[in-house]
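# My questions are about this predicted structure, shown below with the sequence.
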Amino acid sequence: MDRTFTLAHISDFHLSSLNKAKVRDLLNKRMFGYLKWRLRRGGEHSPEVLEALVRDLQISRPDHIVVTGDLTHLGLPIEFREARKILHSLGSPSNITVIPGNHDAYVRTDWNNTFGQWADYMVSDRPFLRGEGGTDSDKIFPSLRIREFVALVGLSTAKPCGLFFAVGSVGELQLRELERILAETGQQGLFRVLLIHHPPLSGTVSWRKRLTDGETLRMILARQGVELVLHGHAHRASRGHVHTLVGEAPTFGVSSASALGRTSKRRARYHIYRLEKNSHGWQMAVSVRCYSPPSESFIADSETHLVLHRPID
Ligand SMILES: [Fe+2]
């Protein structure tokens with residue numbers, strides 16, 4: 001019998017409460033981000049666009065929503081609380097999966113006042129036993145959530161980095177766990193969706209914004225396989241593929257969910273992946289919805305159909 005699952009993909013809200021930021025909160029790398037925001041970014045991301053996106057998702061009602069990072073702009077506790085309100089308006093933590101982006105980890109912060117606010121949207125269905133030690137993030141990622149025939153595997157690439165840099169890395173601990181999770185969920189015949197903020201393919205973003213251990217990640221994906229890779233970070237739609245032993249798996253980058261965009265290309269978008277499992281294998285339709293300034297709402301932009309290579313046992 002055919003089975004379907006709809007997955008919405010949103011990213012990079014860059015939600016900000018900078019007007020409420022105190023000077024002492026900005027005496028670090030955040031000052032750079034604050035000034036950049038004042039000069040450029042502040043006019044780029046709009047809460048009204050994000051509100052329109054929430055309204056659209058409340059109508060389209062996908063089975064699950066994934067958010068691939070940079071929900072905040074400077075990783076301020078107040079921004080984390082504002083982002084939590086948005087998540088809450090989208091649905092319950094069991095229906096929304098969040099991974100962090102580099103802006104969420106702009107500087108080192110207290111976990112409880114920041115990521116702790118989103119913990120129920122990030123944690124695995126069943127927390128793994130990861131032993132003692134490590135950071136709070138190490139205890140959560142990689143995350144694994146299974147919904148119907150879909151395994152959502154979340155990575156964190158968010159780590160504070162130097163001024164003018166927006167790099168990310170997965171790190172040895174997560175890569176080791178990821179290999180095991182992909183092997184197990186692959187054996188279970190699940191449709192594996194990897195969630196990562198930084199694009200896994202080199203060349204998608206500039207060198208100073210890259211994923212530093214992308215090559216090791218791609219080797220693991222090649223060995224263990226994956227059905228779909230979703231990312232953010234670039235603020236524009238992109239499509240590619242990673243090689244696996246059973247064929248190529250598609251990668252999709254989504255635009256910012258809140259961008260007003262000087263040109264239509266840079267305007268806010270989100271994706272809905274309609275996954276289908278039937279007797280021939282996996283099929284996927286990707287619908288792109290784009291913000292329309294005249295109607296102040298999201299409208300249909302494009303639709304693509306893909307037949308995926310992995311055979312069904
Ligand atoms: Fe980013």
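Looks like it came in fine. Numbers count the residues shown, from 1 in each chain.

# okay, now residue 305: neighbour count?
The local packing count at residue 305 equals 10, with neighbours defined by other CB atoms under 10 Å. The way it works is simple: take the backbone N, C-alpha and C, and place the C-beta from them, glycine included.

# Look up the residues forming beta bridges with the closest residue to it other than its chain neighbours.
Leaving aside its sequence neighbours, residue 305 sits nearest to residue 285 (CB to CB, 6 or more residues apart in numbering; 5.0 Å). Beta bridges link residue 285 to residue 274, residue 305, judged by DSSP bridges.

# which residues sit in contact with residue 285?
The contact partners of residue 285, by CB atoms under 8 Å, 6 or more residues apart in numbering, come to 273-274, 276, 303-306.

# rerun that using 7 Å as the cut-off
Under the criterion of CB atoms under 7 Å, 6 or more residues apart in numbering, the contact list for residue 285 reads 274, 303, 305.

# end to end, how far does stretch 70-84 reach?
Using CA to CA, to the nearest Å, one end of stretch 70-84 lies 13 Å from the other.

# Now do the same for stretch 282-298: mean pLDDT, whole number.
Stretch 282-298 carries an average pLDDT of 95.

# how far away is the residue nearest to residue 305 from residue 272?
Distance, residue 285 to residue 272, by CB to CB, to the nearest Å: 8 Å.

# The ion versus residue 241, what's the distance?
Spatial separation of residue 241 from the ion under the definition CB to the ion, to the nearest Å is 22 Å.

# following the strand or helix carrying that residue, which helix or strand shows up next?
Element membership of residue 241, judged by DSSP states H and E, is strand 238-244. Using DSSP H and E, the next helix or strand after strand 238-244 towards the C-terminus is strand 247-253.

# buried residues in that next one?
Under the neighbour-count criterion of 16 or more other CB atoms under 10 Å, strand 247-253 has 249-253 buried.

# Skipping adjacent residues, who's closest to residue 157 in space?
With sequence-adjacent residues excluded and distances taken as CB to CB, 6+ apart, residue 157 is closest to residue 168, at 3.1 Å.

# and what of residue 289?
residue 298 (4.4 Å).

# Repeat that for residue 238.
residue 253 (3.8 Å).

# Please apply the same query to residue 56.
residue 298 (4.0 Å).

# how many neighbours does residue 72 have?
Other residues near residue 72 number 27, with proximity taken as other CB under 10 Å.

# Hmm, it is touching residue 86, no?
No - the pair residue 72 / residue 86 is not scored as a contact, 10.5 Å apart, by CB atoms under 7 Å.

# quick one, what contacts residue 84?
Applying CB under 7 Å, 6+ apart, we find residue 84 in contact with 117-118.

# nope, residue 151 is what I was after
Contact analysis of residue 151 by CB under 7 Å, 6+ apart lists 144, 185, 190-193.

# Same check on residue 299?
With contact taken as CB under 7 Å, 6+ apart, residue 299 is in contact with 289-290, 292.

# Of the residues you listed, grab the buried ones for ChimeraX.
Command for ChimeraX, covering only those of the contacts of residue 299 found buried under the criterion 16+ other CB under 10 Å:
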select :289,290,292
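
# Let's have the contacts of residue 299 in CSV, adding distance to residue 244 and secondary structure.
Conversion of those to CSV gives the following (distance: CB to CB, whole Å; DSSP: H, G, I helix; E, B strand; the rest coil):
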residue, distance to residue 244, secondary structure
289, 29, strand
290, 31, strand
292, 37, strand
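
# Could you dump the contacts of residue 299 into TSV and include distance to residue 157?
TSV is the format used below for the contacts of residue 299 (distance: CB to CB, whole Å):
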residue	distance to residue 157
289	26
290	27
292	32
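
# near the ion, which residues of the chain?
Contacts of the chain with the ion, taken as CB under 5 Å from the ion, map to 70, 101-102, 233.

# now residue 94: how far from residue 239?
The span separating residue 94 from residue 239 equals 29 Å under the rule CB to CB.

# Can you check the pLDDT for the residue nearest to residue 53 when sequence neighbours are not counted?
Computed as CB to CB, 6+ apart, the closest residue to residue 53 that is not its neighbour in sequence is residue 257, at 5.3 Å. Residue 257 is assigned a pLDDT of 96 by the prediction.

# Who are the contact partners of residue 257?
Counting by CB under 7 Å, 6+ apart, residue 257 has contacts 10-13, 50, 53, 268, 270.

# mind redoing it with 6 Å?
With contacts defined as CB atoms under 6 Å, 6 or more residues apart in numbering, residue 257 is in contact with 10, 13, 53, 268, 270.

# same deal with residue 90?
By CB under 6 Å, 6+ apart, residue 90 lies in contact with 65, 96.

# Apply 8 Å and report the result again.
With contacts defined as CB under 8 Å, 6+ apart, the neighbours of residue 90 are 54, 57-58, 65, 96.

# likewise residue 115?
By CB under 8 Å, 6+ apart, the residues touching residue 115 are 80, 100, 104, 122, 136-137.
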